[in-house]
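Q: Please work out how this folds:
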Amino acid sequence: MKSTKYLILTIAAAVLSCYSCKEKKKETNETQPETIKQVTAKDILGNSDYLAISYGGYRETTREVQPTLEELKEDMRILSAMGIKILRTYNVQLQQAPNLLKAIKELKEENSDFEMYVMLGAWIDCKNAWTGQTPDHNVESEQNEGEIARAVALAKQYPDIVKIVAVGNEAMINWAESYYVQPSVILKWVNHLQDLKKQGELPNDLWITSSDDFASWGGGEETYHTEDLEKLIKAVDYISMHTYPYHNTHYNPEFWGVPEEEEGLSNMEKIEAAMLRAKGFAMNQYKAVSDYMKSLGVDKPIHIGETGWATVSDGFYGPEGSKATDEYKEALYYRHMREWTNEAGISCFYFEAFDEKWKDANNQNGSENHFGLLTIDGQAKYALWQMVDDGIFEGLTRNGNPITKSYSGDKEALLKDVLVPPTKEEQAVMQ
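A: Model (predicted):
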């Protein structure tokens, strides 16, 4: 009896001990925070769940008036509602980018479900750029070193937000006469950032690129096919290329005018056919860059760092020019580009989120001021009308205004401003 009693007590003690261990383990698991996997550039670029857009946020005719922290948050809420999760910025010379990162951080602290990442741009210039002196395109600006240092500091400070650093914006294309540099300058700073990654100074999964015109990446004239460009293509983590069929409706309009076989179509059919050709034009420029890259024995991602379509123009693209400009055509182009790039696994940093009137401050109707999907005062252009109908902007404002449809939602009024592309005969007269 004594041995049996002792055995029972021993078993009971073991059971209690086991239960106690399980409770402690459960308690430990409940109190320890789960390790959250940080997404990387590789995870989000080319992922249609992470739509991308170019963002400035300036609301006045000068960048001396910087968007406030609250204005930046206001814009982030609007873009997040649209499904945007990656923003592209252009420089860290001004406070816009640092304040934007701070705004995103605070929004994440306010709401753990808020998700937004940044492709941080570092502006690169040649010597004497923007000074009134003759630009020296073979020597870089002494300002570049400080710009790169500021970008590095922000990438370190906000590693959970900054997933990409872009060295320069259209900094190698020769038509950027005010400031362009040689590819060797971009290569120097890309290599510098890649070295910082190797040294552990920057996150290893931070992607480094440069964002430039398709021609600068070898997709155009052979004059760009240099040894330094080859080295640059091999040095970046991916290629960020720009394509603008909109501008080519004036500069290279072969794809744009109504061909003879389409002259019998209705006006809307002519417009829709022209916009499909515009999409094809962008796709061909993408392919040209891809073909050149692969000819070098390189195979890495190519994403679209910029493309867009303006809605107002009193110049080359307006009623007296290529007749390319209006909200209806912007909506078609936006839809075509999103459909193509989402299906193809390409990120498209559509240009741009909101109109910005500082770009052509002396000409209110200049096209550069009107590339936004929303106006400065918060009107959603035709491309976003369905989102307004779906209520995704409910409760959101810009400059104190609720998000409403442009043209007060009157499609007939909008269509009155839509112009049919010129025939080939009309194009010949314009030239």
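Q: who are the neighbours in contact with the residue lying closest to residue 85 once chain neighbours are set aside?
A: Across the structure, with Cβ to Cβ, 6 or more residues apart in numbering as the measure, the residue nearest residue 85 apart from its sequence neighbours is residue 50 (4.3 Å). For every residue, glycine as well, the C-beta is placed using N, CA and C. Residue 50 sits next to 44, 85-86, 117, 347 when contact means Cβ atoms under 8 Å, 6 or more residues apart in numbering.
Q: Dump these to a markdown table, plus distance to residue 93.
A: As requested, the contacts of residue 50 are arranged in a markdown table below (distance: Cβ to Cβ, whole Å):
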| residue | distance to residue 93 |
| --- | --- |
| 44 | 26 |
| 85 | 26 |
| 86 | 22 |
| 117 | 21 |
| 347 | 25 |
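Q: what's the helix or strand for the nearest residue to residue 140 once chain neighbours are set aside?
A: The shortest distance from residue 140 to any non-neighbouring residue, by Cβ to Cβ, 6+ apart, is to residue 185 (4.5 Å). Here residue 185 is covered by helix 183-198, with elements defined by DSSP states H and E.
Q: And the strands in the stretch 1-150 of the chain?
A: With DSSP state E, counting those that start in this stretch as the definition, the stretch 1-150 of the chain shows strands at residue ranges 51-54, 84-88, 117-122, 126-127, 136-140.
Q: Just put these in CSV and tack on mean neighbour count, mean pLDDT and distance to residue 235.
A: Converted to CSV, those look like this (neighbours: other Cβ atoms under 10 Å; pLDDT from 0 to 100; distance: least, Cβ to Cβ, whole Å):
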stretch, mean neighbour count, mean pLDDT, distance to residue 235
strand 51-54, 23, 98, 22
strand 84-88, 23, 98, 20
strand 117-122, 26, 98, 15
strand 126-127, 21, 98, 20
strand 136-140, 16, 98, 17
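Q: In CSV: those, plus distance to residue 324.
A: Written out in CSV, the entries for the strands of the stretch 1-150 of the chain read as follows (distance: least, Cβ to Cβ, whole Å):
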stretch, distance to residue 324
strand 51-54, 20
strand 84-88, 24
strand 117-122, 27
strand 126-127, 31
strand 136-140, 31
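Q: Looking at those strands, spot the one closest to residue 233.
A: For residue 233, the closest of those is strand 117-122, at 18.4 Å, according to Cβ to Cβ.
Q: Can you show me the helices along this protein?
A: Under the criterion DSSP state H, helices of the chain are mapped to 2-31, 41-44, 69-81, 96-110, 144-157, 183-198, 227-235, 245-251, 267-295, 327-344, 385-389, 411-415, 424-430.
Q: Dump these to TSV, plus distance to residue 131, mean neighbour count and mean pLDDT.
A: Output for the helices of the chain, formatted as TSV (distance: least, Cβ to Cβ, whole Å; neighbours: other Cβ atoms under 10 Å; pLDDT from 0 to 100):
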stretch	distance to residue 131	mean neighbour count	mean pLDDT
helix 2-31	60	9	42
helix 41-44	35	19	98
helix 69-81	30	19	98
helix 96-110	22	18	98
helix 144-157	14	18	98
helix 183-198	17	19	98
helix 227-235	25	17	98
helix 245-251	27	20	98
helix 267-295	32	18	98
helix 327-344	35	19	98
helix 385-389	44	15	98
helix 411-415	43	13	98
helix 424-430	36	13	81
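Q: Can you add distance to residue 126 and give those back as TSV?
A: Written out in TSV, the entries for the helices of the chain read as follows (distance: least, Cβ to Cβ, whole Å):
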stretch	distance to residue 126
helix 2-31	57
helix 41-44	28
helix 69-81	31
helix 96-110	22
helix 144-157	9
helix 183-198	8
helix 227-235	15
helix 245-251	22
helix 267-295	23
helix 327-344	31
helix 385-389	41
helix 411-415	43
helix 424-430	34
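Q: who wins for proximity to residue 138 among the ones you listed?
A: Ranking the helices of the chain by distance to residue 138, with Cβ to Cβ as the measure, places helix 183-198 first at 9.2 Å.
Q: list the helices and strands the closest one packs on?
A: helix 144-157, strand 162-169, strand 207-213, helix 227-235 (3 or more Cβ pairs under 8 Å, 6 or more residues apart in numbering; DSSP states H and E).
Q: who's in contact with the residue lying closest to residue 230 once chain neighbours are set aside?
A: Leaving aside its chain neighbours, residue 230 sits nearest to residue 296 (5.4 Å; criterion: Cβ to Cβ, 6+ apart). Counting by Cβ under 8 Å, 6+ apart, residue 296 touches 230, 233-234.
Q: and residue 84, what does it touch?
A: Contacts were defined as Cβ under 8 Å, 6+ apart; by that measure residue 84 touches 51-53, 116, 353.
Q: hmm, which two among those are most spread apart?
A: Of all pairs drawn from those, the greatest distance, 12.1 Å, lies between 116 and 353 (Cβ to Cβ).
Q: Quick check: the residue most central in space within the chain vs residue 248, distance?
A: When Cα atoms, centre = their mean is applied to the chain, the residue found nearest the centroid is residue 349 (2.7 Å). In this view, residue 349 and residue 248 are 19 Å apart by Cβ to Cβ, to the nearest Å.
Q: If you tally nearby residues, what's the number for residue 375?
A: Around residue 375 there are 19 other residues, counting by other Cβ atoms under 10 Å.
Q: Verify the stated contact: it with residue 381.
A: Yes - Residue 375 lies in contact with residue 381 (Cβ atoms under 8 Å); the separation is 7.0 Å.
Q: Could you tell me which residues touch both of the two?
A: Each of residue 406 lies in contact with both residue 375 and residue 381 under the rule Cβ under 8 Å, 6+ apart.
Q: picking up where we left off before, identify whichever of the helices and strands packed on helix 183-198 lies nearest to residue 316.
A: Counting by Cβ to Cβ, and looking across all of the helices and strands packed on helix 183-198, nearest comes strand 207-213 at 17.5 Å.
Q: For that closest one, give me every contacting residue.
A: The set of residues external to strand 207-213 that reach it, using Cβ under 8 Å, 6+ apart, is 40-42, 45, 88, 119, 121, 163-173, 186, 190, 193-194, 197, 220, 232, 235-242, 305-306.
Q: That'll do, ta.
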